[in-house]
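S.K.: task: produce atomic coordinates for the following.
(one chain, ligands or ions: 1)
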Amino acid sequence: MWIGAVSLFPDMFEAVTGYGVTGRAIREGLVRFQCWNPRDFTHDRHRTVDERPYGGGPGMLMKIQPLRDAIHAAREAAEGPAKVVYLSPQGRPLDQSAVDRLVTSERLILVSGRYEGVDERLIQSEVDEEISLGDFVLSGGELAAMAVMDAVIRRVPGALGHSQSAEEDSFAAGLLDCPHYTRPEVYEGQSVPPVLLGGNHEEIRRWRLKESLRRTLERRSDLLQKRFLTDEESVLLDQVTGERGG
Ligand SMILES: Cc1cccc(C(=O)NCC2(NC(=O)c3cccc4nocc34)CCCC2)c1
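M.R.: Sure thing, here's the model as predicted:
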């Protein structure tokens, strides 16, 4: 997989390219990453990347020409059709289904905004889709771009090696994760659920699934609305509902 980023702060991406599973996937060449800074595509002495908004108002917008030229440079380097994603609060909220869709595009170009954003005509002419990290104010799109990179790279076959995490399975299956426990057996007077100490793997699997369903019902019942339940999950959810006096 090839990922290009367009950002005024390329060094920020070290947080993903330099650490953990994502860092290793890039180091091992499973994923190739390159970043382009619009400032390198300016032609004036002050290397200007921002511009006043028509109609007045506070703040600045990103200048069209440096951004457009940086995106075109990324397209050229992609050496094939690339999906251009603009990270923006006006975008479709990022969720696992969006991640699973993005990972099918062999080449992604992630564009991060700064200042108050970018000219709408740049979005119309260059951007395939807008994605949002959530409904809050950020200083730039880079953290959103890195969240997309992390989630997408984890889904590249081979990136997780043998340590496919349990979280991966449960959330990818549309449920919240079950509670986890490790040593010591008693911590501040609280002990570990006995089933986890018993070594009966089928019982442990069912307990974890039931606790995932309980937690999802308690904290994110919206996730249950849009998820098909297997027979086993329906039975376990009924038990949970009964235990809640629901
Ligand atoms: C709710 C709301 C309404 C209006 C503006 C803003 C806001 O935060 N505007 C500032 C910018 N925000 C983001 O880029 C950004 C923010 C949040 C999630 C994101 N997911 O991707 C990119 C994201 C846009 C241009 C530069 C930074 C937020």
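S.K.: identify the residues contacting the spatially most central residue of the chain.
M.R.: Per CA atoms, centre = their mean, the C-alpha nearest to the average position across the chain is that of Val148, at 3.3 Å. The contact partners of Val148, by CB atoms under 8 Å, 6 or more residues apart in numbering, come to 85, 87, 94, 99, 102, 108, 110, 131. Just so you know, the C-beta spots here come from the backbone N, C-alpha and C atoms, and that holds for glycine as well.
S.K.: next, the buried residues of the helix or strand containing it.
M.R.: Val148 belongs to helix 142-154 when assigned by DSSP states H and E. With burial defined by 16 or more other CB atoms under 10 Å, the residues of helix 142-154 counted as buried are 142, 144-154.
S.K.: which one of those residues is nearest the ligand?
M.R.: Ala144 (3.2 Å; CB to the nearest ligand atom).
S.K.: distance of the closest one relative to Glu14?
M.R.: Per CB to CB, to the nearest Å, Ala144 is found 16 Å from Glu14.
S.K.: wait, Glu51 touches Met62, no?
M.R.: Yes - at 7.3 Å, Glu51 counts as touching Met62 under the criterion of CB atoms under 8 Å.
S.K.: so the two - more neighbours on which side?
M.R.: Each of Glu51 and Met62 has its neighbours counted (other CB atoms under 10 Å); Met62 has more, 21 against 16.
S.K.: who's in contact with stretch 58-69?
M.R.: 6, 8, 38-42, 48-53, 111, 113-119, 121-122, 125-126.
S.K.: show me which of those are buried.
M.R.: Here, 16+ other CB under 10 Å leaves 6, 8, 38-39, 41-42, 49-51, 111, 113-115, 117-119, 122, 126 buried among the contacts of stretch 58-69.
S.K.: show me the residues you listed that map onto strands.
M.R.: Those of these mapping onto strands are 6, 50-51, 111, per DSSP state E.
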